[in-house]
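S.K.: Any chance you could fold what I've pasted below:
(2 chains, ligands or ions: 1)
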Amino acid sequence: MKPASFEYHAPDSVEEALGLLTEHGWDAKALAGGQSLIPAMNFRLARPAVLVDLNLIDELAFIRRNENGGGDGGPGPGGVRIGAMTRQRAVEKSELVAELAPLLTEMMPHIAHPQIRNRGTFGGSAVHADPASEIPAALLALDASCRVRGVEGERWVRAEEFFLGLFGTSLEPDELLIEIALPGPRELTGCAFREISRRQGDYALAGLAIRLTLDVKGRIQEARLAYLGVGGAPALAASAAAVLIGEKPTATVVEDAARTAAGELEPMEDMHASAAYRSRLVEILTREALATAAERASGSG
Amino acid sequence: MSSRYFGARIRRNEDEALLTGRATFVDDVQLPGTLHAAFVRSDLAHGLLRGVDAAAALERPGVMGVFTAADLGEYWQPGPLLVPPAPIEGLTFHARTQVPLAREKVRHVGEPIAVVVAESRYVAEDAVEDVIVDLEPLEAVADVRAALAEGAPVIHEDLGSNLAAHAVQTKGDYDAARATADLVLGRDFTYDRGVSAAMENRGVLAQWDERSAQLTVWDTTQAPIPIRNGLASMLGLSESQVRVVAPFIGGGFGPKIMMFYPDEVLLPWISMRLDRPVKWIEDRFENFFSTTQERGQLHEAEIALSSDGRILGVKDVFVHDTGAYDPYGLTLPINTQCTLLGPYDVPNYYSEFRVAFTNRPIVTPIRGAGRQQGVFIMERLLDLGARELGLDRAEIRRRNFLSPDAFPHDHEILFQDFAPLVYDSGDYEPALDKAIELIGYEPEGPVQSEPGGASPAEDGGEGTDGEDGEGSSRRKRLRGTGIVSYIEGTGIGPYEGARVRVEASGKVCLVTGVGTQGQGHFTSFAQIVADQLGVGVTDVRVVTGDTREFHWGTGTFASRGAVVAGNACHAAAVAVREKILRKASEILEVAEEDLMLTEGVVRVQGVPDLSIGLGELALRSNPLRGAVEPGTEPGLEATSYFGPRRGATASGVHAMVVSVDPETAMVEIERYVVVHDCGTVINPLIVEGQIHGGVAHGIGNAFYEELDCDSEGQLHNASFMDYLLPTATDVPPIRTAHIETPSPLNPLGIKGVGEAGAIPVAALFAQAVEDALKEWAPGLEVRDIPLSPNRLFALIEEARAGGGEEGA
Ligand SMILES: Cc1cc2nc3c(=O)[nH]c(=O)nc-3n(C[C@H](O)[C@H](O)[C@H](O)COP(=O)(O)OP(=O)(O)OC[C@H]3O[C@@H](n4cnc5c(N)ncnc54)[C@H](O)[C@@H]3O)c2cc1C
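M.R.: Numbers count the residues shown, from 1 in each chain, chains lettered A, B, ... in the order given. Below is the predicted model:
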């Protein structure tokens, strides 16, 4: 379990890092917290010839209020921006995140263990795009935007366009994820996160992040249900959302949506859970998370 | 003899070094010029080895050698048969032991084909990829039932089939008993295999010193002396030229016994050839293939009961998976066969087993060593029998316990140590009563919520079912209780030895041949000796696991360290005490009866000024002038050996309360109680530690650990990412209570405890989960271990679909 040999660079600016990635193309990989990449290298499943370590690039580690908005072509104003190299633990403990994106605060402790969150980064988890990971699901539910930069320039990508299937994103090999912008709390909106795992800190057997927005009459106006651990990619459940739109979140509607979600997602089967078992978990978790989100949206939870 | 330490709850002498990271493990031994080995392993479970081309690997800078079976010449020999089979009448047994490097064929994934030696492990692993192996795939058989089927691919061709062994042991006449039974209940059970998952993997460092013609091997073995003896004979060296050191070891659990693993055999040979130290440290991935595993068995079992729940007889026919080779003989299936009888009076018994070769890693004992399976079968049969008869689960056990005056009790079959299965002593009912009291078991079982009902209002306080969580996201929680009994044959022979010496400092050195892997030997052995010699427990320096220090012995396994080595320590200490008193009586001119030995000083009773310290006595026993008289020896030293006639039978009762979420099939252990009898307790703290670790191990086996192996023998979860071990949050606090029925088979009355905690946990899980679900999923039976939530979900679905209206 020793990695194949590789060349190692530790630039201290984004420009320098991008230069190296451009120079080496597919042979290079960025190194963030290393909590996914290093194990893959030790198993020799990943064998980058060049490693570009981002850990010295201070400008990529921050959590700040999204005040200017629009100034850099990004979303906002409002909400919070989190630099790609911000440690997961910092996000978990941040008061600003608790205020502006409480879903993350609720969710972060479910990622691995404190030791891993101390090293693992917010951006690294997004780019890794593991379908069983929490952060991609939260970014989908919250309709987050990712700021991506290459030597040629930069672009903002909405989460739905960022995640492209199993371990896939729309990031080019010579691009870096710079930061992620999350919209702030909205009126009549409630979020919830639920997952089930075998042991504290394991990847979930199934889980979801939800954002639910009601109209003034208490009917569901928008529902974003993003699942993890269920299919081959971080995914939104469109049919379940359709069941909800325009309805009040009664127990019957919630049940109906939960069953629809269980039906529309095609859970994978592995040693830890059969497809039938995953479907059932999806149903249970959806029911629970919807109920919680609805309570929160209506101010009663 | 004052008894200040024996039986006392004292902290472990070794913990400071262990906890502060200053203890030496094999990988901590750093020798200049060390080379590092990595193995080319088979990626097929079954195949013909057509050729190995190492040319490219040899050209890689930093590579010092690549060795294949062909390079080994005469040194290539199948490993020893470690335990010959017990002399059971009518027995069939075919020994096929593992080879150092595959020669004509490979028989399991991960079997070593070549070894690469290089300046670093990194280079060695790069070079492993350079080696081209020409393997012709053969059809593989990974499933033990398929292995014995007609037309299965044959793993050892010369045998013509995959049958490694067949044996029948009987007592009384089962068929006759069956004919008189009120209830005959038969079921099939499976117990799957797993890995031992020691925190420290295996490792070997071999150093041949040309000048002194000495070979030193640091090895994570549980049995350094047999390894020394074996290596000396294989390498044509005198035993005095070979030193095997088993330093601190991060868990043994069985697979680190004297296995003569390929690495253990090859590294010394390579070190001699290259005249350089060579190290191999097993990584976690390799461990899933290169270290032995255990527990795969399929049982077809049947119990014959009278209407009042008395066992009239048991019949059990099982298949045991030994993997690709069977170097450990029949220890495992015989342990299963014997342990199944448990603490019960079973007048008629028919037990038949077949052992099958499969294309999977080798099977040898892991903590519990076949006993888990036996206990699982018997306890399950009793649970299901009780259910059928409408009897309480604790009551059916009570009715069948051997009574305290039934000892010694002869079960009329042979145990793994070739001796008849005779229980030395025991008293089972008090343990059951104590467990019932501690767990709060009520015979009718805990109150259940309405099956499928929407609203048990209670919040799930102690002892009742309830719901979890906030608002409408509540989860249902059904409680269940389990209570099971077991026995464990421990502390088998042949023997161990110990040498005790008082040094001129007044401190004591205690040396024994067993290895130690975390059992607390540095403390329990010291306690035994300290009491005899009237010194502090920290004044006894314990040396274990170094063949240069002690020549004779076997090793640490079968819960035998405290029983066998412990009694040897005791005997040696008694002998030294006699020498001390004799010498002191000469010097002080006082009769021995008037002397007291406390706090490192021999004193004369009633004469406070007249005394002599142990250090002074030690000096005076090693005179610089004059002669050692005939019939005497210098020094305050003695060496003694102890070998029990047969094993001591420990026993216990485990109980637990689980709560099951019937929808998610998640199980949480709320309370866990262990009442156990390991004879006289040397140190309750250590005994409890052993039990806690064992229970954690058992919880892993029962509910978390699972090897995802396909029919081709390919393993899909060779990492702790998917091979789940229970963590601190999955193991509940454990309450323990001790019952002591001293063993009459050794002077200290000790029985072993190392494996006890792990043995009954699967049986307990099964019962408790069934109890929790008895109304939600009527008729649900747990017959297969491990029981993951995934499996439990399927069982619940099945029971609710088939269970009709009650469950709906
Ligand atoms: C024992 C264990 C348990 C875990 N459990 C969980 C869990 O329950 N849930 C979960 O979600 N995760 C879990 N993880 C994974 C953990 O969260 C990782 O930290 C995370 O997935 C990757 O983040 P990282 O910073 O470590 O990235 P790295 O491992 O350094 O990189 C991951 C990938 O992203 C790329 N990358 C990283 N940053 C950038 C960037 N800014 N721009 C472009 N590319 C980039 C790298 O090139 C690489 O391909 C676990 C990890 C371990 C070791």
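
S.K.: which residues of the chain score low on pLDDT?
M.R.: Going with chain A. Under the criterion of pLDDT under 70, the regions of chain A flagged as low confidence span A:69-70, A:300-301.

S.K.: hm, I was asking about chain B
M.R.: Low-confidence regions of chain B, defined here as pLDDT under 70, cover residues B:1-3, B:444-474, B:803-808.

S.K.: one more time with 50, if that's ok
M.R.: Confidence mapping of chain B against pLDDT under 50 gives the ranges B:1, B:445-463, B:469-472, B:804-808.

S.K.: Single out the residue in it that lies closest to the ligand.
M.R.: The shortest separation between chain B and the ligand is 6.7 Å, found at B:M721 (distances taken as Cβ to the nearest ligand atom). No exception for glycine: its C-beta is placed from N, CA and C like everyone else's.

S.K.: Run through the residues that contact B:V484.
M.R.: With Cβ atoms under 8 Å, 6 or more residues apart in numbering or on different chains as the criterion, the residues that contact B:V484 are B:375, B:379, B:397, B:653-655, B:760, B:763-764, B:767.

S.K.: nearest to chain A, of the residues you listed?
M.R.: Ranked by distance to chain A (Cβ to the nearest Cβ), these are led by B:L764 at 19.5 Å.

S.K.: On the C-terminal side of whichever strand or helix holds that closest one, identify the next helix or strand.
M.R.: In the assignment (DSSP states H and E), B:L764 maps to helix B:761-772. Per DSSP H and E, the first helix or strand lying C-terminal to helix B:761-772 is strand B:784-785.

S.K.: Report how many residues lie close to residue 278.
M.R.: Looking at chain A here, since you left the chain open. For A:R278, the neighbour count with other Cβ atoms under 10 Å in any protein chain shown is 27.

S.K.: let's do chain B instead
M.R.: Applying the criterion other Cβ under 10 Å, we find 28 residues in the vicinity of B:V278.

S.K.: Contacts only, for it.
M.R.: Applying Cβ under 8 Å, 6+ apart, we find B:V278 in contact with B:34-37, B:117, B:205-206, B:267, B:270-271.

S.K.: Looking at these, which are in strands?
M.R.: Those of these mapping onto strands are B:35-37, B:117, B:205-206, per DSSP state E.

S.K.: ok, those residues vs chain A, which is closest?
M.R.: Looking across those and measuring by Cβ to the nearest Cβ, the closest to chain A is B:H36, at 9.7 Å.

S.K.: which residues in the stretch 151-300 of chain A form helices?
M.R.: Along the stretch 151-300 of chain A, the stretches classed as helices by DSSP state H, counting those that start in this stretch are A:159-162, A:238-244, A:251-264, A:275-297.

S.K.: relative orientation of the longest one and helix A:251-264 in degrees?
M.R.: Angular relation of helix A:275-297 and helix A:251-264 on a 0 to 180 degree scale: 140 degrees, by axes from the mean of the first three to the mean of the last three Cα atoms, to 10 degrees.

S.K.: Identify each buried residue in helix A:275-297, please.
M.R.: By neighbour count on 16 or more other Cβ atoms under 10 Å in any protein chain shown, the buried set for helix A:275-297 is A:277-297.

S.K.: try stretch B:148-157
M.R.: If you call a residue buried by 16+ other Cβ under 10 Å, then stretch B:148-157 has these buried ones: B:148, B:152, B:154-156.

S.K.: In CSV: those, plus secondary structure and distance to A:I245.
M.R.: As requested, the buried residues of stretch B:148-157 are arranged in CSV below (DSSP: H, G, I helix; E, B strand; the rest coil; distance: Cβ to Cβ, whole Å):
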residue, secondary structure, distance to A:I245
B:L148, helix, 59
B:A152, coil, 58
B:V154, coil, 64
B:I155, coil, 61
B:H156, coil, 66
